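K.L.:
Generate coordinates for the sequence data below:
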Amino acid sequence: MENNKKLAQLLFGHIDKTPEYYEEFFPQRELKEGAKVCRFSPSPTGFLHFGNLFTCFVSYSMAKSSGGVFYVRVEDTDQKRSVEGAIEVMLKGLSVYGIAPDEGVVGDREEKGAYGPYYQSDRKEIYQTFAKFLVEQGLAYPCFMTPEELEKCRASQENESIKGIWGQYAKCRNMSYDEICRRIENGEQWTLRLKSPGTLDGKCYFDDMIKGKIEMPENVQDVVILKSDGIPTYHFAHVIDDHLMRTTHVVRGDEWISSAPIHLQLFKVLGFRAPKYVHVAPIMKEENGGKRKLSKRKDPEAAVTYYIEQGYPADSVNEYMMTLANSNFEDWRRVNQNEPLSKFPFNVKKMSVSGALFDIVKLEDVSKNVISKMNAKTVFELSYEWAKEFNKPLAALYEQDFERITAILNIDRENKKPRKDIAKFSDIPDYISYMFDETFSSCFELTGNATPALAIEVLKTYKDIVNLSDDKDTWFSRIKELCPEVGCTPNVKEFKANPEAFKGHVGDVSTIIRVALTGRVNTPDLFEITRLLGEERVKSRIDMAIKHYEEEE
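P.N.:
Numbers count the residues shown, from 1 in each chain. From the prediction side, this is the model:
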């Protein structure tokens with residue numbers, strides 16, 4: 001024990017604080033019973049994957065639904081992989097989806113909260129304090145194995161089930177204090193390894209909140225906890241941070257399950273109570289009859305920037321993520337159609353064990369529903385902000401007349417059964433194209449009983465009677481009154497009972513007018529379209545259509 005203390009002083013003589021100091025400095029949080037403390041801990045690599053966003057969304061939902069704390073901690077101990085400005089990009093990506101940390105890193109080198117620093121690179125002294133404590137307890141030792149020795153060790157373990165530094169391969173585990181002193185005096189580099197108390201027949205048990213009880217062989221490896229530059233490994237750093245930041249639940253991808261025995265062992269040797277684990281299965285995608293992980297190499301939708309660039313509202317993406325996160329969400333939404341998402345009682349136990357299936361069609365359906373419930377002012381404001389960055393021609397159309405574009409977006413909106421034509425803001429240019437001469441594309445294909453000859457009759461008659469000061473009922477009455485003049489019936493049932501007696505019915509007459517004015521057979525309310533096109537534009541398009549059908553005849 002005496003030698004352990006001498007060794008700790010030799011290795012960490014510059015450390016003058018103790019674990020007890022930090023326990024007092026970072027006290028237990030005063031939160032209501034059941035409140036969860038969760039975190040998002042990105043590396044500054046610059047890419048926010050949909051899977052990262054989803055895991056973060058789960059962590060955030062757990063914290064907020066319990067009245068707890070959600071914080072962001074940046075795991076930047078591997079400086080070689082750091083990308084400048086990456087954290088700013090990542091935080092901006094989270095903020096788009098309403099994920100705002102209660103504490104932690106809130107900007108580039110900007111922090112708030114009493115449990116920082118929240119950049120791991122600024123916590124070196126804290127990690128070394130606990131490393132010194134482990135050396136004092138005889139639970140860690142310096143290892144002088146060279147890269148060549150480590151490679152030779154790896155090669156010799158090729159056919160072994162347990163790889164790494166343990167047992168006979170842990171050459172420095174029982175090195176004497178004098179030998180360690182000699183090597184350090186010679187300038188030899190060392191890493192600090194955990195002296196694992198694990199045994200080959202020992203078991204590690206933990207309850208995962210998604211996957212249930214998990215049993216694994218306990219860790220026997222003497223893993224590196226401090227690298228040769230004194231910077232901790234992820235294993236060591238996150239255990240200390242999660243304890244001192246008083247994290248109650250760790251939400252992470254299930255690829256970390258294999259490391260759980262190491263982490264649980266570190267919590268134990270440090271005398272910490274381990275948090276509860278929530279291992280989230282990866283987002284899957286169907287391909288050729290099978291399933292695979294959503295891939296940032298193969299799938300554009302794997303990048304969170306994809307949803308921003310396409311113009312999916314944040315509310316749509318959040319709503320869709322909740323359908324992936326909780327199997328009972330859609331039933332809740334049907335009953336609570338107008339409640340905010342924050343009212344949903346999120347339950348991690350309702351998450352998929354095997355991994356949710358990503359479905360872009362489902363996302364579009366969810367988004368159409370979300371956008372259909374927005375008022376025209378909201379759709380205008382959100383889509384205009386999007387267009388200024390991602391579709392400047394659309395922004396230019398908006399800027400012609402803000403009041404008119406808001407009215408266009410309000411057609412068949414703000415009623416009991418709003419239309420669901422728009423899934424994302426990048427759909428809007430096509431959706432409104434016929435409302436502007438610059439983007440109108442004429443198409444004169446007819447459906448139903450309409451023929452070019454009938455179209456000529458209808459359009460010539462309609463041009464003479466159209467009056468944009470009419471209200472909707474008067475406008476439609478004029479179309480009905482027009483029908484007998486062109487050999488059609490204003491009554492669809494009458495046509496069905498005796499089709500030979502008529503050229504068509506009021507629906508065919510409306511379709512002819514719709515096609516002439518919009519180039520489409522299916523649009524929102526034709527009366528509102530006509531009113532917003534204006535008399536000059538309406539008559540000009542009718543003339544163009546008449547000319548086309550006359551040439552066709």
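
K.L.:
Where do the strands of the stretch 451-553 of the chain begin and end?
P.N.:
For the stretch 451-553 of the chain, applying DSSP state E, counting those that start in this stretch gives strands covering 488-489, 504-505.

K.L.:
same question, the stretch 151-300 of the chain
P.N.:
Using DSSP E, counting those that start in this stretch, strands in the stretch 151-300 of the chain cover 191-194, 203-208, 212-217, 224-226, 249-253, 276-280, 284-287, 290-293.

K.L.:
What average pLDDT does the first one get?
P.N.:
Going back to what we said before, that points to strand 191-194. Averaged across strand 191-194, pLDDT comes to 98.

K.L.:
got it, and the second one?
P.N.:
Averaging the model's pLDDT scores along strand 203-208 yields 96.

K.L.:
now do the fourth one
P.N.:
The predicted model assigns strand 224-226 a mean pLDDT of 98.

K.L.:
Who are the packing partners of that strand?
P.N.:
Using 3 or more Cβ pairs under 8 Å, 6 or more residues apart in numbering; DSSP states H and E, the elements in contact with strand 224-226 are helix 124-136, strand 191-194, helix 234-244. Backbone N, C-alpha and C define where each C-beta goes, glycine included.

K.L.:
now it, how far from the chain's geometric center?
P.N.:
A distance of 33 Å separates the centroid of the chain from that of strand 224-226, by Cα atoms, centre = their mean, to the nearest Å.

K.L.:
quick one on the thing from earlier: looking at the strands of the stretch 451-553 of the chain, which is closest to R514?
P.N.:
strand 504-505 (13.6 Å; Cβ to Cβ).

K.L.:
From the rest of the structure, what touches the closest one?
P.N.:
By Cβ atoms under 8 Å, 6 or more residues apart in numbering, the residues outside strand 504-505 that reach it are 448-450, 454, 483, 487-492, 494-495.

K.L.:
Dump those into a markdown table; add distance to N347 as well.
P.N.:
Shown next, in a markdown table, are the contacts of strand 504-505 (distance: Cβ to Cβ, whole Å):
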| residue | distance to N347 |
| --- | --- |
| G448 | 51 |
| N449 | 55 |
| A450 | 55 |
| L454 | 60 |
| C483 | 58 |
| G487 | 64 |
| C488 | 58 |
| T489 | 58 |
| P490 | 56 |
| N491 | 55 |
| V492 | 50 |
| E494 | 57 |
| F495 | 55 |
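
K.L.:
Buried ones only from those, please, as a PyMOL command.
P.N.:
Those of the contacts of strand 504-505 that count as buried under 16 or more other Cβ atoms under 10 Å are selected in PyMOL with:
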select buried, resi 449+450+454+483+488+489+490+495
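
K.L.:
Which of the helices and strands packed on strand 224-226 has the highest mean neighbour count?
P.N.:
strand 191-194 (a mean of 24; mean count of other Cβ atoms under 10 Å).

K.L.:
Kindly format the C-alpha coordinates of that strand as CSV.
P.N.:
Extracted C-alpha coordinates of strand 191-194, given in CSV (Å, rounded to 0.1, in the frame of the first residue of the first chain):
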residue,chain,number,x,y,z
THR,A,191,0.1,4.7,-20.4
LEU,A,192,-2.0,4.1,-17.3
ARG,A,193,-3.9,0.8,-17.3
LEU,A,194,-6.7,-0.4,-15.1
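
K.L.:
Now do that strand: everything it contacts.
P.N.:
Contacts of strand 191-194 (Cβ under 8 Å, 6+ apart): 11, 131, 134-135, 139-143, 165, 170, 172-173, 222-228, 236, 265-266, 269.

K.L.:
Direction included, what does that strand pair up with?
P.N.:
Taking DSSP bridges as the criterion, strand 191-194 forms sheet pairs with strand 140-143 (antiparallel), strand 224-226 (antiparallel).

K.L.:
So what touches the shortest one?
P.N.:
If I follow you right, that is strand 224-226. Against strand 224-226 from outside (Cβ under 8 Å, 6+ apart): 127-128, 131, 134, 140, 143, 191-194, 232-233, 235-236, 266.

K.L.:
ok, now stretch 506-524?
P.N.:
Contacts for stretch 506-524 (Cβ under 8 Å, 6+ apart): 411-412, 419, 421, 434, 440-450, 454-455, 458-459, 462, 479-480, 482-483, 486, 488-492, 526, 529-530, 533, 538, 541-542, 544-545.

K.L.:
Mind listing what's buried along that stretch?
P.N.:
Going by 16+ other Cβ under 10 Å, stretch 506-524 has these buried residues: 506-519, 523-524.

K.L.:
Out of the contacts of strand 224-226, which comes closest to T45?
P.N.:
Closest to T45, out of all of the contacts of strand 224-226 and judged by Cβ to Cβ, is T233, at 17.2 Å.

K.L.:
Neighbours of that closest one, how many?
P.N.:
The tally of other residues near T233 (other Cβ atoms under 10 Å) stands at 19.
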